[in-house]
Structures are given as structure tokens and as C-alpha cells.
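**Q** Everything below, folded, please.
(chains A and B)
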There are 2 protein chains.
Amino acid sequence: MRNKFDMQLERLNEQLTYMGELCEIAINKATKALQNGDMEQAKAVREADDEIDQMEKDIERLCLKLLLQQQPVARDLRQISAALKMITDMERIGDQASDIAEIIISARMTEAMDISRIGQMSEAAAKMVRDSVTAYVKKDLELSREVMASDDIVDEMFEENKRELVSFIAENKGGYGERAIDLIMVAKYLERIADHATNIAEWVEFSITGVHKGMETMKLKEN
Amino acid sequence: MRNKFDMQLERLNEQLTYMGELCEIAINKATKALQNGDMEQAKAVREADDEIDQMEKDIERLCLKLLLQQQPVARDLRQISAALKMITDMERIGDQASDIAEIIISARMTEAMDISRIGQMSEAAAKMVRDSVTAYVKKDLELSREVMASDDIVDEMFEENKRELVSFIAENKGGYGERAIDLIMVAKYLERIADHATNIAEWVEFSITGVHKGMETMKLKEN
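**A** Got it, this is the predicted structure:
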């Protein structure tokens, strides 16, 4: 029979998975809203962000309870500390999906747009979020490292988007330029979402191995 | 002699003022880092963001304690609820200053840049943050409405920046285009900071009058 602590850890995993799913849905909805010029869907993203904020508070409360009541050590302690850090990144992902929705609403992008490149970035970023949380729950070090490696790919996609945009504006002598810049903002937010998924993956690595990328850097500085 | 509750409210005001100052400093530092190509200062903004995150948690705890222990009503209740909402916006302001710093660091903007227009936006946004918090502490309805009015000015500054950038890229046939886009991202974050200052001002109005802009909208929808 499992003890109470194990059951609470299981509950923590479920909540983190659910929060991760909410983030993924928010990213997908924001991208679809852009694709279809759908204002209602864009507004729904902002509401999803409120639920993500609430999840952050609930999970934080659960983690603090676990830390205080169970006084965990070693790997259990790392697992809970990692969760506490991960939810901050997930909350930011929700904010950034909401920022994308804000651009769609304030720029009144009511017509459907061809955003194949941004669609690719969005899919890649959403996958990174999903994989980083799965890696945590399944203690899958390999998967967490795949997420970290994907960050470079998304960064490159963003740079490519930026170069294309610059050529587009130059070739069109400024025509549609402002709309193009709204799109590159969306790409920027997706690139930031990928950064946060990478942070999550780094905390997963810490929870499994006890070593965090940031710590190594600190160590290097001390030497 | 003042009672304990008044002293705790006074403490809340002090903490909010301090958190507002941290936000203002973060905005100013990020702008200076951009102006001088100063990586160390850009890194300091990210550290300031950690302190802002911590302040949010401290103030939240104080507000919850006040709500539970003192069971305030009417204006006192509104004042504390408004504080709880305001800190969420201030925390986002810290994030956005940190995002500006991130652009400076990742784009390796080591040389000094002429950013007079962005400098103006930054000053306007920082003033809005300062004024919104002052309006709360001094219960100054007039000042909170000035902040709301300033939002349109900052929005217009951003649109102007965007138009200029599009012309710049078109005229230079794409030369320096990527750097120009990094700058417009910074402008976008400043525009979002002004949005959050406006949110704060709206909560100040609520704490004084009991009416919040969002509520009016809801009321309109119900009719």
C-alpha cells in the first residue's frame, strides 16, 4: 500500500500535468485565433490564463504543505523544489499566450492569416511544454534533454522569421509592414515560451540528477 | 492613537510603494542598459525581477492576513482587494523589464544605441507606474485618471515607432533591419508596461469609488 506522501506526490504530478495541458491549449488556441481571425477564441485565451494563474497558486500551496509536513530529503525534496520553480515558468507561458491574444485583439486581426511559419513555431513550442512536463512526471532525463535541444531549433525559426520579415518589408517598400511586425511579435512570444519550456526541462534534470545548469555556471564562476 | 489595523494598512502602503519603486528602477535600468550597451546592467534587471517576485509574495501574504484577521468591510476591504490585484500587474511589469534585458543580452547589443524615441516611451511608462502607485497610497482619483489617459499617449508613441521602423527598413532595403526589429520589441514591452500601469490605476479607482471599469463593462453586457 502506498503511503500518504506518495499519494500527495501523485496528486502533485496530476496537477502539474493539468497545468501543462492548460498551457498547451492556450498556445494552440492563440495560434488558431490568429489563423482564423477569431476574436472570441482570442478572448478565451485570456480566460485560460486566469485558470493557469489559479493553478500556480494551488500547486504552490500543495508544495509548501508537502515541504512543511513531510520534511522530505534528497530526491523527494528536489522533486518538490523543482515543481515550485516549474510553475513560475508555466505561469509565464500562460501570460505569453495571453500576450499573443492581446495582439490579435488590439490589432483587430479579424481576417484569416497565412501563418504557416508561425504555426510551425507554435507547434514546436507547445510540444516542448508538453514534453517538459511529461519528462518531470516520468522522470525521463532523455526527454528533458530533447526539450533543451529543441530550444535552439525554435530560436533559429525565430531568427529566420525575422530575416524574412525584414526582406518582406524592404521588398514591399513598407506595405503591410505594420501587420508584418505584429506577426513577428507573436513569433517573439512563442520564442519566449520555448525558453520557459527549456527552463522547466532544466528543473526536471535537477530533480532527477541533483545538478542544475545554473549551479554549474555558479560553480564555474567560483573557480 | 492609531489602532493595529491602521498600522498594518500603513505597512501595506509602504510595501506597495517599495514594490512600485523596484519596478520603476527596473524599467530605467533596462533602458539605460540599452542606451549604453551595458550587459552588466541588463543582468542586474533580471536580478531586480527576482526581488519584485518576492515582494509580490510578501504583499500577498500580508493582504491575506489582513483579510482573514480583520475581516474588513467597505472601503478598507476594497483597498486590500485592490492591492491584491495591483501586485499581479506589478509582477508582470518586472517580467517585462526583464524581457527587455533579455533582448539586450541575447542580441548582444554591446554598442551604445541612439534610442531617443524609446527613451521617451520608457520615461512615460515609468512615470505611469510611479503615479499609479502614488494614486493608490494618496487615494488620489485625479492622478489615477491621468495615468489612464497617458495610456493612449504611450500607445500612440508605440504606433509611431512601428511606422518609423517600417519606413526605416524599407528605405535601407533591409539593412540594420534585424536590429531595428529588436528595438521595436523593446517598444512593445514598454507599451505592455503602460497597459499594466493602467490596470493598476483602474484598481485605484475601484478602491476609492467602488466602481471598476471591468464591472461597468460587465453591467453593460447584462443589460
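
**Q** got the contact list for A:Lys213?
**A** Neighbouring residues of A:Lys213 by CB atoms under 8 Å, 6 or more residues apart in numbering or on different chains: A:202, A:205. All C-beta spots, glycine's among them, are computed from the backbone N, C-alpha and C.

**Q** Oh, that last question was meant for A:Met55, not what I typed.
**A** By CB under 8 Å, 6+ apart, the residues touching A:Met55 are A:15, A:18-19, A:22, A:87, A:90.

**Q** And A:Glu164, by the same measure?
**A** Applying CB under 8 Å, 6+ apart to A:Glu164 gives the contacts A:Arg117.

**Q** Just the element for it, please.
**A** According to DSSP states H and E, A:Glu164 maps onto helix A:141-171.

**Q** which parts of that helix are buried?
**A** A:143-144, A:146-148, A:150-151, A:154, A:157-158, A:161-162, A:165-166, A:168-170 (16 or more other CB atoms under 10 Å in any protein chain shown).

**Q** As a check, name the ranges of all helices in chain A.
**A** For chain A, the helices defined by DSSP state H cover A:4-36, A:39-70, A:74-106, A:116-137, A:141-171, A:177-209, A:213-222.

**Q** and among those helices, the most buried is which?
**A** For the helices of chain A, ranked by mean neighbour count under the definition mean count of other CB atoms under 10 Å in any protein chain shown, the leader is helix A:177-209 at a mean of 23.

**Q** So what angle separates the directions of that helix and helix A:116-137?
**A** When axes from the mean of the first three to the mean of the last three CA atoms, to 10 degrees is applied, the directions of helix A:177-209 and helix A:116-137 differ by 20 degrees.

**Q** Please see if helix A:177-209 touches chain B.
**A** Yes - Helix A:177-209 lies within reach of chain B by CB under 8 Å from any CB of the partner chain, at A:177-178, A:180-181, A:184-185, A:188, A:192.

**Q** Hmm, A:Ala44 is touching A:Lys29, no?
**A** Yes - using CB atoms under 8 Å, A:Ala44 makes contact with A:Lys29 at a distance of 6.1 Å.

**Q** for the contacts of A:Met55, which one is nearest chain B?
**A** Within these, the smallest distance to chain B is 12.2 Å, found for A:Ile87 (CB to the nearest CB).

**Q** how about that closest one, what does it touch?
**A** If you count contacts by CB under 8 Å, 6+ apart, A:Ile87 has them with A:16, A:19, A:55-56, A:59-60.

**Q** Turn those into TSV, columns for pLDDT.
**A** TSV is the format used below for the contacts of A:Ile87 (pLDDT from 0 to 100):
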residue	pLDDT
A:Leu16	97
A:Met19	97
A:Met55	97
A:Glu56	95
A:Ile59	96
A:Glu60	93
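
**Q** just those residues now: which is nearest chain B?
**A** Minimum distance to chain B across these is 9.1 Å, recorded for A:Glu60 (CB to the nearest CB).

**Q** That closest one contacts A:Leu84, correct?
**A** Yes - counting by CB under 8 Å, A:Glu60 does reach A:Leu84; the two are 6.6 Å apart.

**Q** re earlier: check the buried residues of helix A:141-171 against chain B, which are close?
**A** With CB under 8 Å from any CB as the criterion, the buried residues of helix A:141-171 include A:162, A:165-166, A:169-170 near chain B.

**Q** would you turn the residues you listed into JSON lines with pLDDT?
**A** Putting those into JSON lines (pLDDT from 0 to 100) gives the following:
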{"residue": "A:Lys162", "pLDDT": "89"}
{"residue": "A:Leu165", "pLDDT": "85"}
{"residue": "A:Val166", "pLDDT": "86"}
{"residue": "A:Ile169", "pLDDT": "86"}
{"residue": "A:Ala170", "pLDDT": "86"}
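
**Q** how close does the nearest residue to A:Ala97 once chain neighbours are set aside get to B:Glu142?
**A** Excluding the flanking residues, the one nearest A:Ala97 by CB to CB, 6 or more residues apart in numbering or on different chains is A:Ala26, at 3.8 Å. Using CB to CB, to the nearest Å, A:Ala26 is found at 38 Å from B:Glu142.

**Q** what do you get for A:Ala48?
**A** A:Ala48 sits 36 Å away from B:Glu142, going by CB to CB.

**Q** Equivalent analysis for A:Asp182, please.
**A** Distance from A:Asp182 to B:Glu142, by CB to CB: 35 Å.

**Q** swap in A:Leu12?
**A** Separation of A:Leu12 from B:Glu142 (CB to CB): 48 Å.

**Q** Could you do A:Asp131 as well?
**A** 52 Å.

**Q** Then A:Arg11?
**A** 50 Å.

**Q** So which residues on chain A come close to chain B?
**A** Within reach of chain B by CB under 8 Å from any CB, chain A has these residues: A:53, A:88, A:92, A:95, A:99, A:102, A:162-163, A:165-167, A:169-170, A:172-174, A:177-178, A:180-181, A:184-185, A:188, A:192.

**Q** just for chain A, where's the confidence low?
**A** A:1-2, A:110-113, A:214-223 (pLDDT under 70).
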